[in-house]
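K.L.:
Sequence and predicted structure are below.
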Amino acid sequence: MSFDSRSVVLSWTPPPRDNNAPITHFSIQILEGEHSDWSRYQSISTQNSDLKYKVPNLKPFTVYSYRVVAINRMGASEPSEPSYLMMTARELPSGKVRISEAYSGKPDSIFVSWDPITQEKIHGEFLGYRVFWKAREEDGELSRQADIKNPNQTKISLSNLRPYTAYVISIQVLNPLGAGPSNTVLVTTKQGVPSTPANLSVTSVSQTDISLSWYKPEHSNGKIIGYRIYYNHGRDAEIYTVNTSSDYNIYNISHLMPFTRYEITVAAITASLEGQRSQPLQIMTDVAGPG
């Protein structure tokens, strides 16, 4: 008996007597499973009286046993004794893992869960699930991976991710020959807190006005929709909101008091979060002219 992952070649000896009616062909009874009952067999007929036949269309990594029935013009013989149990060879897994959930609950993490893969799609011993993930925009970035060897574990939380970043996540099942086809999803992490606006500086100062300029934060961690400008002198404080998503920004604070020290900070804002405030600028408006 020789076999591969999808077929087996059987050979046998003819019955001792044919009762003067030559054997025309054979029927091969095929039983799948180690503990199956022979009432559930399937059969296939050979085309001639050869004593060898290749049984096709078997399943990989599956236990089978066989019986042979000789047939002549008078009818069929009793089945032979069952063959010993044999298992077809392994193949690479053919089934894709079905991802049931994939979402970002926090700016630095993504939760993924999947349905258990069925044994008939693994085609070998189950060695685990392999999860890959990487940021979509960084083609040169190496993927991170986690191997999950427990067949009952069908979820994972990916951590230490970048906020507001699209991640490509793939899952494969493993057997001793390697990995099966991957199933892939794209998930964007939630928006996080923007870093401070970059290069905040004063462009001009007058008796009643202070002009500022700045660039968007180095790490936006979300979609910037504007900025909040905080300025105060003594116990008096004011807040301006500037609605802009520009990379470079200029803003003029007016109606200030002459010869007064103001402390100014700026913070970026997203739809739901305010970012870190810049280091405060201490600025004195000009002295008012006579009269």
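P.N.:
Arrived safely, thanks for sending. These numbers were taken from a predicted model, which means no experiment stands behind them.
K.L.:
Identify each buried residue in the helix or strand encompassing residue 201, please.
P.N.:
Element membership for residue 201, per DSSP states H and E: strand 198-205. By neighbour count on 16 or more other CB atoms under 10 Å, the buried set for strand 198-205 is residue 200. In short, each C-beta sits where N, CA and C put it, glycine included.
K.L.:
So what touches it?
P.N.:
Applying CB atoms under 8 Å, 6 or more residues apart in numbering, the contact partners of strand 198-205 are 210-218, 250, 266, 278-279, 281, 283-286.
K.L.:
Which among these count as buried?
P.N.:
Buried among these by 16+ other CB under 10 Å: 210, 212, 214, 216-217, 266, 278, 281, 283, 285.
K.L.:
Which single one of those residues is nearest to residue 103?
P.N.:
When these are ranked by distance to residue 103 (CB to CB), residue 217 comes first, at 25.5 Å.
K.L.:
Check the contact between that closest one and residue 194; I expect there is one.
P.N.:
Yes. Using CB atoms under 8 Å, residue 217 makes contact with residue 194 at a distance of 4.6 Å.
K.L.:
who touches both of those two?
P.N.:
Shared contacts of residue 217 and residue 194, defined by CB under 8 Å, 6+ apart, comprise 224, 268, 275.
K.L.:
is it fair to say the second one lies in a helix?
P.N.:
No. Secondary structure of residue 268 (DSSP: H, G, I helix; E, B strand; the rest coil): strand, not part of a helix.
K.L.:
Neighbours of it, how many?
P.N.:
Neighbourhood size, residue 268 [other CB atoms under 10 Å]: 30.
K.L.:
now the stretch 151-291 of the chain, which segments are flagged as low pLDDT?
P.N.:
289-291 (pLDDT under 70).
K.L.:
contacting residues for residue 225?
P.N.:
Applying CB under 8 Å, 6+ apart to residue 225 gives the contacts 243, 245, 269-271.
K.L.:
For the host helix or strand of residue 214, name the packing helices and strands.
P.N.:
Per DSSP H and E, residue 214 falls inside strand 210-215. If you count contacts as 3 or more CB pairs under 8 Å, 6 or more residues apart in numbering; DSSP states H and E, strand 210-215 packs onto strand 198-205, strand 226-233, strand 248-253, strand 261-269.
K.L.:
do you know how far residue 14 is from residue 80?
P.N.:
Note on residue 14: its distance to residue 80, by CB to CB, to the nearest Å, is 11 Å.
K.L.:
Give me the more crowded residue out of these two.
P.N.:
Taking other CB under 10 Å, residue 14 and residue 80 do not tie; residue 80 has more neighbours (17 against 13).
K.L.:
so what's residue 282 bridging to?
P.N.:
Beta-bridge partners for residue 282, by DSSP bridges, are residue 263.
K.L.:
wait, doesn't it sit right on residue 261?
P.N.:
Yes. Assessed by CB under 8 Å, residue 282 is found in contact with residue 261 at 6.3 Å.
K.L.:
Comparing those two, which residue is more hemmed in?
P.N.:
residue 261 (12 against 8).
K.L.:
residues contacting that one?
P.N.:
Contacts of residue 261 (CB under 8 Å, 6+ apart): 233, 282-284.
K.L.:
low-scoring stretches of the stretch 1-150 of the chain, by residue?
P.N.:
In the stretch 1-150 of the chain (pLDDT under 70), the answer is 139-142.
K.L.:
Could I get the full set of strands for it?
P.N.:
With DSSP state E, counting those that start in this stretch as the criterion, the stretch 1-150 of the chain has strands at 2-3, 8-11, 25-32, 42-45, 52-55, 63-72, 75-76, 86-87, 99-106, 109-114, 128-135, 144-148.
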